[in-house]
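Engineer: need coordinates for the following:
(2 chains)
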Number of protein chains: 2
Amino acid sequence: MLAVKISSGEASTFEAPKPRPRAGHTLLRLRLAGICNTDIELLRGYYGFSGVPGHEFVADVVQASDPKWIGKRVVGEINLACGKCESCLAKMGRHCPRRTVLGIVNHPGAFAEFLTLPEVNLRAVPKDIPDEHAVFTEPIAAACEILEQIRFPKGATVAVLGDGKLGLLIAQVLRINQLHVHLFGRNPGKLSIVKPMGISTRLIPREQPKLPKAEYTYVVDATGSAKGFEHALDLVKPRGTIVMKSTVAEPLTIDAARCIVNEISLIGSRCGRFEPAIRLLKSKQLMLDPLISNRFPLREATSALEHAQQPGVLKVLLDPAL
Amino acid sequence: MLAVKISSGEASTFEAPKPRPRAGHTLLRLRLAGICNTDIELLRGYYGFSGVPGHEFVADVVQASDPKWIGKRVVGEINLACGKCESCLAKMGRHCPRRTVLGIVNHPGAFAEFLTLPEVNLRAVPKDIPDEHAVFTEPIAAACEILEQIRFPKGATVAVLGDGKLGLLIAQVLRINQLHVHLFGRNPGKLSIVKPMGISTRLIPREQPKLPKAEYTYVVDATGSAKGFEHALDLVKPRGTIVMKSTVAEPLTIDAARCIVNEISLIGSRCGRFEPAIRLLKSKQLMLDPLISNRFPLREATSALEHAQQPGVLKVLLDPAL
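Structural biologist: Predicted coordinates:
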């Protein structure tokens, strides 16, 4: 089968043996995959990654021990948990210390014609959700995770920093949940995408950005940069909360005294449950089509990964059928 | 009057004019002051401080516009707030952006025979609380603040890192609130102080410290060091909470990816309300006498500040009557 690999900071396609699912695992045939910023970070050496990347996908079940799955169109939770430890028993397999992670940690990813996942990880995709939307399930779940970690007061105002793919999804998810959202970003085109949803946008110039000081009780940092985190610290009120949403590969130097004196809460936030994301997709309230910049054949994944790093580009999809 | 000043990283005593309280302010005669680690940090150049330090005190009211205060024995909230801004109107004057802070930011401190504070900052000390205990009100309030920021489940286990003055107070306050406390520290003598209260203690050797990994849902860092914060990150479970309690003057470099992947919450925590602290002092449940290492005459404040920096020394008091 055709697969993509990252090794020593380079991406390439290669002919890999079709994977043979272990007991309890299923064999999936890829329908569509999405390139996430994490994939770009992996390519840049984050985690010292070597292997098949890809964790945003929609696929058909080809092989499964429970016949009810065969032929189903599915998405899949990306953390493969042991099922036995304290975290797993607390239904928090996403934090299982023995987990592998699809396309990120010791489990070959979705940038391949076939992939494997445990049956317990699969979620059926309702008929009326097209592949192009279902492929967003994982990042939407990550956006929804914020709502599971923080109980926002009804109608609260939240500043979201970053107009990348994740920032645009987070802004939408919060807005749909009746919060007032101020989205800060550098790209007028990207910001304008979500304006029709009633999201208020703020353009930050790259040179001498001027941000309001101590104006928000809630700030979500989805910039993926140390600079963005500094902006978040500027924006947040004393006793306020910053949700750290983006994977920043570089170490962050924080002014601890400032966080302590102002009693700021910093909340790390990663993956979320798929169920709320699928419900949201079914409700058709999200604007996803404008987030798709391009669709490449899977065999052109190296060009796709390059394209995904260009300024202004949002979601790039990989299609094995093209 | 006799007063202490810090200037260019040196402490000295000097003859200062007796302060004249502004409208709404009271004149207080010092009974006893306590040296806090923050005072040591000020001496080391933190905040570029220059002036009269000292914010832990008990005093008598000499002059006040409301006669009910005259002659009262009092402690005082250290933040002098504007009373008009959004923070103040939300009863959060401790975060007033225009505040001055007794002995820390633009308001002469308590290491002097006389000091001034607004009437609204004063809290009367109940008769049965001796000066030697009342002088702990401010750091006890800082310890109690944790309970206002975090709703611990009943009987939860909390790791407290640091067996300094603040760590020992925090451990006690949490224990009195029916939490299980594991206190980590480097000094067997200090650790043994709080053992009789049912606090479980863990000695961390300075060389090659071995800490349990990911074992606590709640960790309080009261070490005042970047190393201590690293230990806190080792101890905390995924989805756990670290309370950042100590003022670390040095910038902290944090592995943001680790905080995000493990969805850790970092909660900055500073001053607290005095009322819960005074209630706790009245209840006589705290062990404070073993925390007092020495009492110096106020005129020997420079020696006292030096002594307070010696290893193994806990609270050093300054007494104007000696």
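
Engineer: pairing partners for the helix or strand of chain A with the lowest mean pLDDT, with directions?
Structural biologist: Lowest on mean pLDDT, DSSP states H and E among the helices and strands of chain A sits strand A:252-254, with a mean of 76. In the sheet, strand A:252-254 lines up against strand B:252-254 (antiparallel) (DSSP bridges).

Engineer: how about the strand it pairs with: buried residues?
Structural biologist: Residues of strand B:252-254 classed as buried: B:Leu252, B:Ile254 (neighbour count, 16 or more other Cβ atoms under 10 Å in any protein chain shown). All C-beta spots, glycine's among them, are computed from the backbone N, C-alpha and C.

Engineer: repeat for stretch A:111-127
Structural biologist: A:111-119, A:121-123, A:125.

Engineer: how about stretch A:29-36?
Structural biologist: Quick answer for stretch A:29-36 (16+ other Cβ under 10 Å): A:Arg29, A:Leu30, A:Arg31, A:Leu32, A:Ala33, A:Gly34, A:Ile35, A:Cys36.

Engineer: try stretch A:42-57
Structural biologist: A:Leu42, A:Leu43, A:Tyr46, A:Phe49, A:Gly51, A:Val52, A:Pro53, A:Gly54, A:His55, A:Glu56, A:Phe57.

Engineer: residues contacting the least confident helix or strand of chain A, please?
Structural biologist: A:Ala226, A:Phe229, A:Leu233, B:Pro251, B:Leu252, B:Thr253, B:Ile254, B:Asp255, B:Ala256 (Cβ atoms under 8 Å, 6 or more residues apart in numbering or on different chains).

Engineer: how about those in JSON lines, adding distance to B:Glu148?
Structural biologist: Listed next are the contacts of strand A:252-254 as JSON lines, based on distance: Cβ to Cβ, whole Å:
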{"residue": "A:Ala226", "distance to B:Glu148": "31"}
{"residue": "A:Phe229", "distance to B:Glu148": "26"}
{"residue": "A:Leu233", "distance to B:Glu148": "22"}
{"residue": "B:Pro251", "distance to B:Glu148": "27"}
{"residue": "B:Leu252", "distance to B:Glu148": "24"}
{"residue": "B:Thr253", "distance to B:Glu148": "29"}
{"residue": "B:Ile254", "distance to B:Glu148": "25"}
{"residue": "B:Asp255", "distance to B:Glu148": "29"}
{"residue": "B:Ala256", "distance to B:Glu148": "27"}
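
Engineer: if we ignore the residues flanking it in sequence, what's nearest the residue of the stretch 101-250 of chain A at minimum distance from chain B?
Structural biologist: Closest approach of the stretch 101-250 of chain A to chain B (Cβ to the nearest Cβ) occurs at A:Pro238, with a separation of 3.6 Å. Using Cβ to Cβ, 6 or more residues apart in numbering or on different chains and skipping residues adjacent in sequence, the residue nearest A:Pro238 is B:His95, 3.6 Å away.

Engineer: what's around the one you found, how many residues?
Structural biologist: Neighbourhood size, B:His95 [other Cβ atoms under 10 Å in any protein chain shown]: 23.

Engineer: cool, and A:Asn37?
Structural biologist: A:Asn37: 17 neighbours (other Cβ under 10 Å).

Engineer: got a pLDDT number for the residue nearest the centre of chain A?
Structural biologist: For chain A, the residue nearest the mean C-alpha position is A:Pro139 (3.1 Å; Cα atoms, centre = their mean). Looking at A:Pro139, its pLDDT is 96.

Engineer: how about the closest residue to A:Cys36 other than its chain neighbours, phi and psi?
Structural biologist: Spatial nearest neighbour of A:Cys36, excluding adjacent residues (Cβ to Cβ, 6+ apart): A:Glu56 at 5.5 Å. The phi and psi values for A:Glu56, taken as degrees, to the nearest 10, are phi -100, psi 120.

Engineer: got it, and A:Gly51?
Structural biologist: Main-chain dihedrals, A:Gly51, degrees, to the nearest 10: phi 150, psi -160.

Engineer: out of the buried residues of stretch A:42-57, which sit inside strands?
Structural biologist: A:Glu56, A:Phe57 (DSSP state E).

Engineer: among the buried residues of stretch A:42-57, pick out the one closest to chain B, please.
Structural biologist: A:Tyr46 (7.9 Å).

Engineer: now the closest residue to A:Glu15 other than its chain neighbours: how far from B:Asp289?
Structural biologist: Spatial nearest neighbour of A:Glu15, chain neighbours left out: A:Leu2 (6.8 Å); criterion: Cβ to Cβ, 6+ apart. For A:Leu2, the distance to B:Asp289 equals 75 Å [Cβ to Cβ, to the nearest Å].

Engineer: and these two? Which one has more around it.
Structural biologist: Neighbour comparison, A:Leu2 and B:Asp289: the larger count goes to A:Leu2, with 17 against 10 (by other Cβ under 10 Å).

Engineer: measure that one to chain B for me?
Structural biologist: 30 Å (Cβ to the nearest Cβ, to the nearest Å).

Engineer: which residues touch A:Ala171?
Structural biologist: By Cβ under 8 Å, 6+ apart, A:Ala171 lies in contact with A:Val160, A:Val181, A:Leu183, A:Val194, A:Met197, A:Ile199.

Engineer: swap in A:Gly272?
Structural biologist: Counting by Cβ under 8 Å, 6+ apart, A:Gly272 touches A:Ala141, A:Ala142, A:Ala143, A:Cys144, A:Glu145, A:Glu148.

Engineer: what's the neighbour count on the residue lying closest to it once chain neighbours are set aside?
Structural biologist: Excluding its sequence neighbours, the residue lying closest to A:Gly272 (Cβ to Cβ, 6+ apart) is A:Glu145, at 3.1 Å. Counted with other Cβ under 10 Å, the neighbours of A:Glu145 add up to 23.

Engineer: now do A:Glu145 against B:His107, distance only.
Structural biologist: Relative to B:His107, and taking Cβ to Cβ, A:Glu145 is found at 43 Å.

Engineer: among the buried residues of stretch A:111-127, which one lies nearest to B:Ile260?
Structural biologist: Nearest to B:Ile260 among those: A:Asn121, at 21.5 Å, using Cβ to Cβ.

Engineer: so what does the closest one have for phi and psi?
Structural biologist: Torsion angles, degrees, to the nearest 10, at A:Asn121: phi -80, psi -20.

Engineer: report pLDDT for it.
Structural biologist: 97.

Engineer: try the one 3 residues further on
Structural biologist: Per-residue pLDDT puts A:Ala124 at 98.

Engineer: who's in contact with it?
Structural biologist: Contacts for A:Ala124 (Cβ under 8 Å, 6+ apart) come out as A:Lys72, A:Arg73, A:Val74.

Engineer: next to chain B, which bits of chain A? Give me the list.
Structural biologist: Contact residues, chain A versus chain B (Cβ under 8 Å from any Cβ of the partner chain): A:46, A:87, A:92, A:95, A:97, A:149, A:214, A:229, A:237-239, A:244-257, A:259-270.

Engineer: picking that back up, so which of the buried residues of stretch A:29-36 sit within helices?
Structural biologist: Taking DSSP state H, every one of these sits outside helices.

Engineer: JSON lines for these, including distance to B:Arg175 and pLDDT?
Structural biologist: Output for the buried residues of stretch A:29-36, formatted as JSON lines (distance: Cβ to Cβ, whole Å; pLDDT from 0 to 100):
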{"residue": "A:Arg29", "distance to B:Arg175": "58", "pLDDT": "98"}
{"residue": "A:Leu30", "distance to B:Arg175": "55", "pLDDT": "98"}
{"residue": "A:Arg31", "distance to B:Arg175": "57", "pLDDT": "98"}
{"residue": "A:Leu32", "distance to B:Arg175": "56", "pLDDT": "98"}
{"residue": "A:Ala33", "distance to B:Arg175": "53", "pLDDT": "98"}
{"residue": "A:Gly34", "distance to B:Arg175": "50", "pLDDT": "98"}
{"residue": "A:Ile35", "distance to B:Arg175": "51", "pLDDT": "98"}
{"residue": "A:Cys36", "distance to B:Arg175": "45", "pLDDT": "95"}
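
Engineer: ok, so of these, who is nearest chain B?
Structural biologist: Chain B has its nearest neighbour among the buried residues of stretch A:29-36 in A:Cys36, at 14.2 Å by Cβ to the nearest Cβ.
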